[in-house]
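Q: predicted model, plus sequence, below.
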Amino acid sequence: MQLSRTESLTSLTESKKESVEAKINQESIQGLRQKIDLLDEELAIILIKRFSLSQQVQVLKRAQGDSSFSPKREQEILQRLHTLFPLIPMTTIDKIYCEIFNWMRPKD
């Protein structure tokens, strides 16, 4: 079966349209991924700042003769985050912050 000229042009136009849509979609994906990459960098910078502040607290607590590890403080942080971000499952917050706490906990 042979396609008419109109059918051929329609088919070609649809194909080109799909190609253009795929290109736009790919550009959108790349643009979104670039935004995600920037957020990842910002998160890493924020974690480093948090680590620095945590170290300062540890130094001050040691100078006062206190233990620099405070499970109560960690629980307070988790409770505050659970309240602030109810759309994030509590277990997710707990897992993320458990890793953060472990990294920032004194190694002595």
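A: Right, received. Where do you want to start? Residues are numbered from 1 along each chain as shown.
Q: next, the most centrally placed residue in the chain: phi, psi?
A: By Cα atoms, centre = their mean, the mean C-alpha position of the chain lies nearest to D40, the distance being 5.9 Å. Dihedral angles of D40 (phi, psi; degrees, to the nearest 10) stand at phi -60, psi -40.
Q: contacting residues around the closest residue to V57 other than its chain neighbours?
A: In space, and not counting its chain neighbours, V57 is closest to S68: 7.4 Å by Cβ to Cβ, 6 or more residues apart in numbering. All C-beta atoms are positioned from the backbone trio N, CA, C, and that covers glycine. Applying Cβ atoms under 8 Å, 6 or more residues apart in numbering to S68 gives the contacts 57-58, 61-62, 106, 108.
Q: helices - which of those residues land there?
A: Under the assignment DSSP state H, the contacts of S68 contribute 57-58, 61-62 to helices.
Q: ranking those residues by neighbours, who comes first?
A: Most neighbours among the ones in helices among the contacts of S68, by other Cβ atoms under 10 Å: Q58, with 19 neighbours.
Q: that residue contacts P106, doesn't it?
A: Yes: with contact defined as Cβ atoms under 8 Å, Q58 reaches P106; the gap is 5.4 Å.
Q: where along this structure do the helices fall?
A: With DSSP H as the criterion, the chain has helices spanning 5-63, 71-84, 90-104.
Q: packing partners of the second one?
A: Same thing as helix 71-84. helix 90-104 (3 or more Cβ pairs under 8 Å, 6 or more residues apart in numbering; DSSP states H and E).
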